[in-house]
Structure formats: structure tokens, C-alpha cells
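A.B. asks: For reference, the sequence and a predicted model appear below.
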Amino acid sequence: MDWNQEQCKGQIMAVHDAMDVLSGKWKISIIAVLCFKHKRRFSDILADVKGISNKMLSKELKELEINKLISRTVEDTQPITVNYELTEYGQTLQTVIGQLADWGSAHRKYIMGK
């Protein structure tokens, strides 16, 4: 496909827009957990995303919620249960996350010489 300069600028801008929403060390990992494991409690996500602190997880979840990628549901239980899951809009990232996982597996094999 031959791309003219304006098409390239548009595509690069779109990548920058996506990276603004998904940037940082943890957001893609959090989204991946919710893609593969669906509805999760805060403590479940904390356990699944190795190395993240409570404070950072809370911050990242808030940002993902602001960007309408995840929803937070408070259930009236004793004690109160809070669940996080991808919104319908957030689910549009499942293909991207799946492809990223496939590429990561292939890259690991390539680098390890297997």
C-alpha cells in the first residue's frame, strides 16, 4: 500500500492518541487481565499484575475508567465488593491485546532461538 504524507501523518497521530490513553507501565497489563479474566476485584487485579502497588493500581483504574475502557461496579455485600470489567467500548481492545500476546509469544521464541 502506498501511503501519501497526509495519510502517514494521520496514522501516526492515531498511534499517538492510542498511546496517550494506554501509556505507562501498567495500563496494558490491567486491560489484558480484564480481557482474559473478565470481571475482577481490585485484589484480584493486584495479584495478577505483578509488581504494581495499591496506589498505582488505583490511579490506573481511575484513568481507564475516565477513558471509558473499564467500569467499576460496587455490590451491596458485606463487606462491599467492587468489581472492574471492560466496558463494551473497552472490549474493542480484545483483538489488539490478543494480537499483542501472540506477538509476545512469538518474539520470546524468536529471541530464545526456539
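C.D. replies: Thanks, I have the structure now. Residues are numbered from 1 along each chain as shown.

A.B. asks: Tell me which residues touch the residue nearest the centre of the chain, please.
C.D. replies: Centroid-nearest residue in the chain: Ile31, 2.5 Å away (criterion: C-alpha atoms, centre = their mean). Residues near Ile31 by C-beta atoms under 8 Å, 6 or more residues apart in numbering: Leu22, Leu64, Leu69, Ile70, Leu86, Gly90, Leu93, Ile97. (Glycine included, C-beta is placed from N, CA and C.)

A.B. asks: Helices of this structure, start to end?
C.D. replies: 5-22, 27-37, 42-48, 54-66, 94-112 (DSSP state H).

A.B. asks: quick one: buried residues of the third one?
C.D. replies: If you call a residue buried by 16 or more other C-beta atoms under 10 Å, then helix 42-48 has these buried ones: Phe42, Ile45, Leu46, Asp48.

A.B. asks: Is the last one in contact with Phe42, as I believe?
C.D. replies: No. Under the criterion of C-beta atoms under 8 Å, Asp48 lies out of contact with Phe42, with a separation of 10.8 Å.

A.B. asks: angle of the lowest-mean-pLDDT helix or strand in the chain against helix 27-37?
C.D. replies: The least trusted helix or strand in the chain, going by mean pLDDT, DSSP states H and E, turns out to be helix 5-22, with a mean of 86. Helix 5-22 runs at 80 degrees relative to helix 27-37, counting by axes from the mean of the first three to the mean of the last three C-alpha atoms, to 10 degrees.

A.B. asks: Before I go, just wanted to say thanks for your time.
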